[in-house]
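Peer 1: structure for the following, please:
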Amino acid sequence: MVDAPIRRFTLLVLFQAQMDGATELVIDPSAGESAGIRYRVSGLWHDLAPPPADVLPGVVAELKTLAGLPERIFPKEGDIDLAYSGVRLRWKVVIPMPDDICLLTPM
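Peer 2: Got it, this is the predicted structure:
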């Protein structure tokens, strides 16, 4: 189970990317101290201020939970569709392999 601060952070990342008009969102849990969260707007990539490296695996775990993804099947694909702060967050989630990047696109 992911703790509440990780859930809030994950929802905030989805919200911010959606409000900025992102066409793609990438979360890389192996990024370490570099930008592990990036999103593309109008063809340009934007890095979120890097969270501590130990937060990124929790964000990916929360995305799996929100999208209802099974634990052992790869590649994983699912949808997130939920209300947050007066906005409907709608994202398609793809995780190609275990411990791999998490790719999200708006639905």
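Peer 1: contacts and neighbour counts: CA atoms only from here.
Peer 2: Will do.
Peer 1: which ones are touching Y84?
Peer 2: With contact set as Cα atoms under 8 Å, 6 or more residues apart in numbering, Y84 has these partners: 11, 15.
Peer 1: please enumerate the strands of the chain.
Peer 2: 24-27, 37-41, 44-47, 76-84, 87-95, 102-106 (DSSP state E).
Peer 1: mind checking the ones you listed for the one nearest to A61?
Peer 2: strand 102-106 (10.0 Å; Cα to Cα).
Peer 1: could you list the low-pLDDT ranges of the protein?
Peer 2: 1-2, 32-33 (pLDDT under 70).
Peer 1: CSV for the strands of the chain, including distance to K64?
Peer 2: Output for the strands of the chain, formatted as CSV (distance: least, Cα to Cα, whole Å):
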stretch, distance to K64
strand 24-27, 12
strand 37-41, 16
strand 44-47, 22
strand 76-84, 8
strand 87-95, 8
strand 102-106, 9
